[in-house]
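Peer 1: Prediction below, plus the sequence it came from.
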Amino acid sequence: MRRCTLFCLVLLLVAFLAVPLTARAQFHDPTKEEPSMTSDPKAPGAAAVYLYFEQKTDDDLHYRSVYARIKVLTEKGKDLATVEVPYTHGEQKVTDIKARTIHADGTVVPLEGKPGSKPEDLLAMKVLTRDGVSQIAKRVINLPSVEVGSILEYQYTIRYDDNAFSSPWWDIQKAYFVHQAHYMFMPFKAFQKGSNAITSRYLIDWRGRPLNTLMWWPLLPAGANISQDATGRFSLDLSDIPPAPHEAFMPPMDAFLYQLYFYYMSATNAEDFWNSEAKLWSKDVDHFAEPTGAIKTAVAGIVAPRDSDLDKAHKLYKAVQALDNTDYSRARGKAELKAMGLKPAKRAEDTWAQKSGSSQDITLLYLAMLRAAGLTAYDTKVVNRARNLFQPRFLRFEQLDDDLVILSTGGKEYLLDPGEKMCPFLTVSWTHELAGGVRQSADGRAATVTPALPYMKNTMTRIGDVTIDANGVMTGSIRFLMTGQEALRWRQMMLETDEEEVKKRFDQMLPGEMPEGTQAHLDHFLGMDDPEVNLMAIVKVEGTLGMQAGKRLLLPGFFFESRTRQPFVDEDKRQAPVDMHYASTITDQVTYHLPAGYTVEGAPKDSNIPWSPKAQLVTKITQDEGKIVVVRQLTRGFAVLKADQYQDLRGFYEKVAANDQQQAVLAKAAVAQK
């Protein structure tokens, strides 16, 4: 009996030791100082700070765990009480969920489920709305009874199938300051030191290739180093990690923040990886975009033999743009596609036959049609710059989002964006300019960065004609003429919503561009359905424009800038690069019709403020009997700037802001004595 008891105890001990330590992790009691903290000298003004963060991954034991302790310092910091938990799939599941809130007085409020509930029952769903239209759902842990001054503590574990692997990503730099952080990764046994295991027995990629190399890409603070112990376990310990920058006009910051990626690879280095992936991608493109007989027949009905290369390309562009692009008409599920008799396209000819397809389907159809017309054309796959920047050291081909077409003719190459609904011929969405990726070429495959669009491609012209009476009351109209990116934005919005919603959003934009005391309302659009013409918005405006000062009437010198705050003026320092999406020109021309009996006593001065070759502001004022015409043109010839150019950028916009504060002064003419 004693032997049996001892044997049972041994079994229990073995079972206990086999459980990952994270499953037995205990919460930590606060230090003496933490409950009473009201601010943090290491993070002045912070809404919250991470006291400790830990992430562990063990591919031998098939789990990934997260643990955090957070101090809430302001109302905004309470947002961290909602903790997003990654979605799992297949044999993955979330376990070991624990959370509690510790109030400043020491009261502990644990997160508890209903009696008999499972750990995953502690997860809730949170629905987020993006742009007022699309919705996404996230799984979250909601910590209870959170107050300013509370300490939030939570942990969870994701367990996965024995045949799965994690390739962990350590997202080191967070929205708030981190005092201490610990990261650990134990790779599969085959990648541990001294192991004789056969790698391919355990790991293959989705193409069936054995994964025989473990690589990692660190982007770490100065002085920080990852270590590996005798067993092959990787670890990283950090302290005083600054928060991620939060500044206006930032690019997607994943390429700049502290992070570390691990990869199980079939390639032996980054160059081999990209060469291999680009070769497979190019082969798949050529198969899908093969100019079959059906494609050649379609092309013959669209272009004429005597058309120039660009005319052929333009006609074919209009033909594919006219198809139903399901990324804009609606993201259709399999059931809806089946009900409509549509199937996922396997070849370009399928997209043409169904007159419908995704952005990628339509782009590759266009590629096939150009080739069928005898033109030289290539595919290029790039990141969507609204989401990310291309990171060659990030060894995931999936970071490349979208396909574009390169037309080569007459010794020139033209970049085309047929999958971007309503995008004009010979231009691209700003999300695809200055975008890195890979491309096909006559010499094979190569890395690429797409060119920037010139500022002349993206214009906004605002033409105002307003009449003012002796009391400063104004009535008039404004025409907004848009080309390029601004026109594309409104046209695509019309595809995704409806006309009334688009009008509503345009009206919501107007107050920020109108002077104080005035009201503006969109009357109608012109050219909304044709991307080859200017988009025009006709706006009615009224209200009190002038301010009376004795016998004088003061008017804003620059109508559209009187309430606009120029960017960067209030930021004296900069950490992140500046990303203004695209180069552009904004031209304003406002005609003020003066009240009877008033003359112009003072007007804004003509000016020329250059920041060569990056930007320029030019203003010109003309006076005629009974009116004054104010013209202002701001040209910005750049889309992206490095942070070390920020002071010059700020200096330019400070000059622009000062210039825009000028007024027009109207004086009542003296009455002649008889």
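Peer 2: Nice, I can see it.
Peer 1: Which residue ranges of the stretch 551-674 of the chain form strands?
Peer 2: Under the criterion DSSP state E, counting those that start in this stretch, the stretch 551-674 of the chain contains strands at 552-556, 578-579, 584-593, 598-602, 607-611, 615-624, 627-636, 640-641, 663-668.
Peer 1: Same check on the stretch 351-500 of the chain?
Peer 2: In the stretch 351-500 of the chain, the strands defined using DSSP E, counting those that start in this stretch lie at 356-357, 376-382, 402-409, 412-416, 436-441, 444-449, 459-468, 473-483.
Peer 1: partners of the shortest one, with directions?
Peer 2: Sheet partners assigned to strand 356-357 using DSSP bridges are listed as strand 324-325 (parallel).
Peer 1: same thing with the fourth one?
Peer 2: Paired with strand 412-416 in the same sheet, following DSSP bridges, are strand 402-409 (antiparallel).
Peer 1: same question, the second one
Peer 2: Strands flanking strand 376-382 in the sheet, each with its direction: strand 402-409 (antiparallel), strand 436-441 (antiparallel) (DSSP bridges).
Peer 1: Identify whichever of those lies nearest to residue 643.
Peer 2: Proximity to residue 643, assessed across these by C-beta to C-beta, is greatest for strand 436-441 (19.1 Å). Quick note: C-beta positions are derived from backbone N, CA and C, even for glycine.
Peer 1: List the contacts of that closest one.
Peer 2: Residues from elsewhere that reach strand 436-441, judged by C-beta atoms under 8 Å, 6 or more residues apart in numbering: 274, 277-278, 281-282, 285, 378-383, 389-390, 392, 400, 406, 445-450.
Peer 1: what does stretch 549-565 give?
Peer 2: Outside of stretch 549-565, the residues within contact range by C-beta under 8 Å, 6+ apart are 462, 464, 466, 468, 470, 472, 512-516, 545-548, 588, 590, 592, 595, 598, 601, 603-604, 619, 630, 632, 657, 660-668.
Peer 1: So which bits of the helix ranked longest in the chain are buried?
Peer 2: In the chain, with assignment by DSSP state H, the single longest helix is helix 270-288. Buried residues in helix 270-288, counted by 16 or more other C-beta atoms under 10 Å: 270, 273-274, 276-278, 281-282, 285, 288.
Peer 1: Quick one: work out the angle between that helix and strand 444-449.
Peer 2: Interaxial angle of helix 270-288 relative to strand 444-449 (axes from the mean of the first three to the mean of the last three C-alpha atoms, to 10 degrees): 110 degrees.
Peer 1: Reformat the strands of the stretch 551-674 of the chain as TSV; add mean neighbour count and distance to residue 183.
Peer 2: TSV is the format used below for the strands of the stretch 551-674 of the chain (neighbours: other C-beta atoms under 10 Å; distance: least, C-beta to C-beta, whole Å):
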stretch	mean neighbour count	distance to residue 183
strand 552-556	21	55
strand 578-579	21	29
strand 584-593	20	43
strand 598-602	16	64
strand 607-611	14	44
strand 615-624	16	43
strand 627-636	19	41
strand 640-641	18	31
strand 663-668	19	58
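Peer 1: Can you add mean pLDDT and give those strands back as a markdown table?
Peer 2: Converted to a markdown table, those look like this (pLDDT from 0 to 100):
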| stretch | mean pLDDT |
| --- | --- |
| strand 552-556 | 94 |
| strand 578-579 | 97 |
| strand 584-593 | 98 |
| strand 598-602 | 93 |
| strand 607-611 | 98 |
| strand 615-624 | 97 |
| strand 627-636 | 97 |
| strand 640-641 | 96 |
| strand 663-668 | 94 |
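Peer 1: Going by distance to residue 426, which of the buried residues of helix 270-288 wins?
Peer 2: The closest of these to residue 426 turns out to be residue 285 (C-beta to C-beta; 21.7 Å).
Peer 1: quick one, what contacts residue 60?
Peer 2: Residue 60 is in contact with 186-189, 192, counting by C-beta under 8 Å, 6+ apart.
Peer 1: Point out the least confident member of the buried residues of helix 270-288, please.
Peer 2: Across these, the member with the lowest pLDDT is residue 270, scoring 89.
Peer 1: is it true that that residue touches residue 392?
Peer 2: Yes: at 6.5 Å, residue 270 counts as touching residue 392 under the criterion of C-beta atoms under 8 Å.
Peer 1: can you give me the strands for the stretch 51-200 of the chain?
Peer 2: Counting by DSSP E, counting those that start in this stretch, the strands of the stretch 51-200 of the chain are 63-72, 82-85, 93-102, 108-110, 123-130, 134-142, 151-159, 169-171, 178-186.
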